[in-house]
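> curious how this folds, go ahead:
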Amino acid sequence: MTIEVLFVCTANICRSPMAEGAFRGIACDAGLEAAFHVDSAGTFGGHAGQPPTWPAIRTAASRGYDIARLRARQVREADILHFDYVVAMDRGHLFELRAMAPPKEFNRLRLLSEFCPPGSPVDVADPYGRSDRDYEEALDLIEAGCRGLLEALQRFVKKAI
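Next up is the predicted model:
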């Protein structure tokens with residue numbers, strides 16, 4: 001049994017693919033990659049089929065995460081029903097996910113910042129069209145959240161393996 005994790009941002013071309021790559025890398029480093037199926041999607045489908053932005057690819061690669069082959073797709077209600085954890089990058093995404101999810105599935109919907117150290121920003125700021133530093137800062141917060149998420153899920157991983 002694997003734990004299914006979906007990361008969600010707006011267009012699935014920067015934050016959520018960086019989160020997908022970071023979580024995979026962090027789980028791999030912990031020897032737990034087989035325990036997870038990780039994916040990403042966006043609330044907006046206008047970039048479907050496109051790769052992540054070049055700054056996202058470059059920033060992720062600088063930390064050892066290869067996201068160049070990922071392709072954007074739009075999140076669907078079926079994703080919420082399928083994935084064990086649907087992790088939103090900001091409160092706007094969480095609001096949109098709740099609008100499409102049956103209320104009994106709200107427990108699957110989480111903010112990445114729930115897994116970050118206390119005092120961290122609530123939202124992962126969108127770096128799209130901004131500076132390289134903005135991508136670095138977004139990935140800093142994403143990595144912190146992914147580490148926290150992995151730590152929170154490790155008690156279930158022992159059961160899944």
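
> residue 5 falls within a strand, correct?
Yes: Residue 5 forms part of a strand when assessed by DSSP: H, G, I helix; E, B strand; the rest coil.

> what pLDDT does it get?
Note on residue 5: pLDDT of 98.

> then residue 157?
Per-residue pLDDT puts residue 157 at 79.

> could you do residue 1 as well?
78.

> same question for the one 10 residues further on.
Confidence at residue 11, expressed as pLDDT, is 97.

> secondary structure class for it?
Classification of residue 11 using three-state DSSP returns coil.

> check the gap between it and residue 62 for me.
To residue 62, residue 11 is 22 Å away according to C-beta to C-beta, to the nearest Å. C-beta coordinates here come from the backbone N, C-alpha and C atoms, glycine included.

> who has more neighbours out of those two?
In terms of neighbours (other C-beta atoms under 10 Å), residue 11 is the more surrounded of residue 11 and residue 62; the figures are 23 against 12.

> got the contact list for the more buried one?
42, 44, 46, 47, 72, 128 (C-beta atoms under 8 Å, 6 or more residues apart in numbering).

> residue 14 touches residue 55, doesn't it?
Yes: between residue 14 and residue 55 a contact is recorded at 7.4 Å, counting by C-beta atoms under 8 Å.

> more crowded one of these two?
residue 14 (32 against 20).

> per-residue pLDDT of that one, please?
pLDDT, residue 14: 97.

> what's the spacing between it and residue 68?
Separation of residue 14 from residue 68 (C-beta to C-beta) stands at 13 Å.

> could you tell me which residues touch both of those two?
residue 52.

> just the buried members of the contacts of residue 11?
42, 44, 47, 72, 128 (16 or more other C-beta atoms under 10 Å).

> hmm, back to that, any chance of the contacts of residue 11 in TSV, plus secondary structure?
What follows is the contacts of residue 11, written out as TSV (three-state DSSP):
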residue	secondary structure
42	strand
44	coil
46	coil
47	coil
72	coil
128	coil
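
> much appreciated, bye for now.
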